[in-house]
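Peer 1: The sequence isn't on hand, but the structure is:
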């Protein structure tokens with residue numbers, strides 16, 4: 001036997017930058033799932049599993065997430081083994097998922113369409129920083145060669161990343177402008 005468990009978060013779809021949303025703020029609603037799993041067995045039979053109203057949903061331990069500020073987690077909502085075969089939690093309030101209406105997309109006549117575009121990548125001038133030892137770098141911008149040589153955030157001896165500015169928009173949240 002197998003089981004499928006899915007955790008949903010806001011990602012870029014429903015993003016509030018600094019605080020959890022209030023009723024007065026516009027947002028895109030709760031996270032949604034469109035799931036299809038195609039299984040091909042060893043004997044070449046196949047089967048498809050779709051997300052529908054037979055699935056169960058509930059509030060998870062991640063009560064708010066932001067690509068800018070991380071997650072707010074309340075472990076009281078956590079259910080160990082929730083994605084395992086045979087999991088049965090009759091004490092939690094499970095909800096039946098709602099069927100999502102078709103998208104309102106004028107250019108695609110209401111059909112879901114692939115947003116096909118190349119990935120967004122940082123260019124050679126994306127990282128502006130100062131080096132404590134100027135002999136290691138001739139200018140403060142990375143050239144294409146310099147950018148290709150970087151692996152992770154590794155710096156050579158004496159290298160220090162210096163932000164252009166640092167701000168604190170909310171208590172405990174610090175924003176570093178690297179240029």
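Peer 2: Sure thing, it's come through. The structure displayed is predicted, hence computed values, not measured ones.

Peer 1: all helices for this structure, in order.
Peer 2: 144-149 (DSSP state H).

Peer 1: pLDDT weak spots in it?
Peer 2: For the chain, applying pLDDT under 70 flags the ranges 10-30, 102-113, 115, 119-162, 172, 178-179.

Peer 1: now the strands for it?
Peer 2: 36-40, 46-50, 62-66, 70-73, 165-170, 173-177 (DSSP state E).

Peer 1: want to try CSV for those, with mean neighbour count and distance to residue 92 as columns?
Peer 2: Yep, even glycine has a C-beta here, placed from its N, CA and C like the rest. Output for these, formatted as CSV (neighbours: other C-beta atoms under 10 Å; distance: least, C-beta to C-beta, whole Å):
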stretch, mean neighbour count, distance to residue 92
strand 36-40, 9, 24
strand 46-50, 10, 23
strand 62-66, 17, 15
strand 70-73, 12, 17
strand 165-170, 10, 32
strand 173-177, 12, 32
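
Peer 1: Residue 85: which of these is closest?
Peer 2: strand 46-50 (14.2 Å; C-beta to C-beta).

Peer 1: now the angle from the closest one to strand 36-40?
Peer 2: With axes from the mean of the first three to the mean of the last three C-alpha atoms, to 10 degrees defining the directions, strand 46-50 sits at 160 degrees from strand 36-40.

Peer 1: do you know how far residue 91 is from residue 33?
Peer 2: Remark: distance between residue 91 and residue 33 (C-beta to C-beta, to the nearest Å) = 24 Å.

Peer 1: Compare those two (neighbour count), which wins?
Peer 2: residue 33 (12 against 7; other C-beta atoms under 10 Å).

Peer 1: Now for that one: which residues touch it?
Peer 2: Going by C-beta atoms under 8 Å, 6 or more residues apart in numbering, residue 33 touches 6, 8, 51, 97.

Peer 1: Compare the residues you listed and tell me which is most surrounded.
Peer 2: residue 51 (17 neighbours).

Peer 1: Would you mind confirming that that one is in contact with residue 99?
Peer 2: No: between residue 51 and residue 99 there is no contact under C-beta atoms under 8 Å: 9.9 Å.

Peer 1: who touches the spatially closest residue to residue 175 that is not a sequence neighbour in this structure?
Peer 2: Leaving aside its sequence neighbours, residue 175 sits nearest to residue 167 (C-beta to C-beta, 6 or more residues apart in numbering; 4.9 Å). Contact partners of residue 167, counting by C-beta under 8 Å, 6+ apart, are 174, 175, 177.
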